[in-house]
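In: What shape does this take:
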Amino acid sequence: MRVTSNSFPIDLRNQLADLTEKQTLLQSRAATGQRIENPSDDPRAMHKIMGLQDEQHKLYQFQKNVVNVRENVGIAYSAIDSMKKVLDRASEIATQVDSTKSPDTIRVYAHEVDQLLETVVQLSNSKHRNVYLFAGTKSLTAPFSVTRDSANQISAVTYNGNEKTIQVNVGEDSSVGASFAGHGANGVLKNNSGADLTQHLIELRNLLTSGSSSDVLKIQTDLQKDLQDDEDNLIDKFSVIGATQTRLETSEAIAKKRAFSLDPLISGEADADLAETLVRLNEIQNAYVAALQTGGTLLSTSLLDYVR
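Out: Numbers count the residues shown, from 1 in each chain. Next up is the predicted model:
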C-alpha cells in the first residue's frame, strides 16, 4: 500500500497553509514597510487612510490653484503696469500742450497718442495659457475689439467681456479672483467713477489732431482730469493685486502646513512596525518548522504502524 498526501492529517495541512499565508504577508510588510496592502487587511484603518489621503489631495490641489492664480495675477500686474506707463506719457503730453505749441508739434503728439492707444488695446487683451485676463468670466474670448476709420485709426473700442471674475478655491471656504473685469464697477479700463482709458485716449488724439485753440483748452481743462481718473483707477488695481498676492501667500502656507501634518497620521495607520513585524515573522517561521517536524513524526508513526 502506497502512502499518499491524502493520508496526511487534514488539520496539519490547514495549519501549514495558514502559516505560509501569514509568513508571506509578514515578508511583504517587512519588504515594503506597509502594514496594509488590501482593504481587507484592516477595513477600519483603510477607511481612515483614504479619508486622510483625500484631504491631503485636496490640499495639494489648493497649492496648485495658488500657483496658477499667482501666474495670472503676475501677468495682469505687468500689463496694468505697462498701461500705467502709457497713461503717464499721455498725461505728460496733455500737460505740455498749450497755445504756444506749433501745429506740427501738436500733430506729432497726436500720432504718438494714437500709438499709445494701440498699445493699451493690445495690453487689454493680455492672456495667459490661452485665457484672457481682463474679460471677466468670458475668458476664452478677446475682451476688447476695435472699430477703425478710413485712416485705419481706432475710432471706438468695444468691451466683449462681463463684470464678473473667475473665482478659484485656494482653501476651505476661501477663493480669490483669477481674472479681472475690463469694464464695470471694478473695471481695469473703465469703472463707474469716471475712468474710461481707451475712450479718453481717443478723445485726446482727436483733440490733438484738430489742434484748435478751443480743443487745446478742452485738453487742459477737461481731459487732464479724465486722465487723472484713469490713473487713480489703475493705482487702485495695484492695491487689489497686492491684497490678492498676500492672500495667496497665506493660503499656500496654510495648505502646505496642513498637508505636511497629515503625513504622520497616514503613516501611523499604514506603515508597519518593522521591529514587531520581524519578531512575528520569526515566530511564524519557527511555528512552520515545528509543524513540519510534527508532520514528519506523524508520518513516520503511520509508516511504522503499516509495517507492523
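In: so which helix or strand takes in residue 77?
Out: Secondary structure from DSSP states H and E places residue 77 in helix 43-96.
In: Report all helices and strands that that helix contacts.
Out: When contacts are defined as 3 or more C-beta pairs under 8 Å, 6 or more residues apart in numbering; DSSP states H and E, helix 43-96 packs onto helix 103-124, strand 127-128, strand 167-171, helix 197-210, helix 224-270. Using the backbone N, CA and C atoms, a C-beta is placed for each residue, glycine as well.
In: Most tightly packed of the ones you listed?
Out: helix 197-210 (a mean of 22; mean count of other C-beta atoms under 10 Å).
In: hey, C-alpha coordinates of it in CSV?
Out: C-alpha atoms of helix 197-210 as CSV (Å, rounded to 0.1, in the frame of the first residue of the first chain):
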residue,chain,number,x,y,z
LEU,A,197,-8.9,104.8,-20.5
THR,A,198,-9.3,103.9,-24.2
GLN,A,199,-12.1,106.5,-24.8
HIS,A,200,-10.0,109.2,-23.2
LEU,A,201,-7.0,108.4,-25.3
ILE,A,202,-9.2,108.5,-28.4
GLU,A,203,-10.5,111.9,-27.3
LEU,A,204,-7.0,113.2,-26.6
ARG,A,205,-5.8,112.1,-30.0
ASN,A,206,-8.7,113.6,-31.8
LEU,A,207,-8.4,116.9,-30.0
LEU,A,208,-4.7,117.0,-30.8
THR,A,209,-5.4,116.2,-34.4
SER,A,210,-7.7,119.2,-34.5
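In: helices or strands next to that helix in the packing?
Out: Under the contact rule (3+ C-beta pairs under 8 Å, 6+ apart), helix 197-210 is packed against helix 43-96, helix 103-124, strand 154-159, helix 213-218, helix 224-270.
In: Next up, the contacts around residue 107.
Out: 208-209, 211 (C-beta atoms under 8 Å, 6 or more residues apart in numbering).
In: Looking at the record's assignment, how would you partition this structure?
Out: With domains defined by automatic domain parsing, the chain comprises 1-33+273-308, 52-162+185-264.
In: hmm, back to that, residue 184 is nearest to which of the helices and strands packed on helix 197-210?
Out: strand 154-159 (8.8 Å; C-beta to C-beta).
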